[in-house]
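>>> here is the input, now give the coordinates:
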Amino acid sequence: MPEEQFKLSDHFGSFHKTGDTYDIRFERLLNHPAGKVWDALTKPEQMAKWFGSAEIDLKIGGKIKVQLMMATVEGKITQLETGRLLEYTFGEQNILRWELIKETKDTCRLIFTEHLAPLSDLQYTAPGWHGYLDLLSLSLDGAIEKRPTFSIEEWQDISEVITAKYKRIIEQLK
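Sure thing, here's the model as predicted:
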């Protein structure tokens, strides 16, 4: 898929406050079996199609390293239930949680949560996760074989509409 054709979905995340920190949560119904989605979340060759090149030691305490579009982030696996739950630290203070709930033989619900620090981070991370989850769906559908790369300017153009919507939502949280 050429980068100029990439459009973001209207599957927005929601924000939840806990003390002085915020979580962003996305819930997506995927028309794929949970096992296929699990592989996309945990196998480096699958992760490279939508998330970034990755190294992952899939065990509690195992390390994970992902080369995102604009940064390399490392973490450590804190919770693991094979085929259903993967949680790991992401950078210095964030935690990513991927939960899969089987809906039918061929569909599952993905609940993704990032536990964030300050409110100011949300305006940058929300559009980014929105985009990565859209890329995950495209990868699962076979529409992309390799994660597209965008310059900062291209990403700003692609994410302009959803970034504005997330900024409005974030303003209401203050």
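
>>> can you give me the helices in this protein?
With DSSP state H, the ranges of helices along the chain come out as 34-42, 44-50, 122-140, 152-173.

>>> among those, which is nearest Lys59?
Closest approach to Lys59 among the helices of the chain (C-beta to C-beta): helix 34-42, 11.1 Å. Bear in mind the C-beta positions are built from the backbone N, C-alpha and C, glycine included.

>>> tell me the angle of that closest one relative to helix 122-140?
With axes from the mean of the first three to the mean of the last three C-alpha atoms, to 10 degrees defining the directions, helix 34-42 sits at 130 degrees from helix 122-140.

>>> next, the buried residues of helix 34-42.
Judged by neighbour count (16 or more other C-beta atoms under 10 Å), helix 34-42 contains these buried residues: Ala34, Val37, Trp38, Asp39, Ala40, Leu41, Thr42.

>>> stretch 58-75 now?
Within stretch 58-75, judged by 16+ other C-beta under 10 Å, the buried ones are Ile64, Val66, Gln67, Met69, Val73, Gly75.
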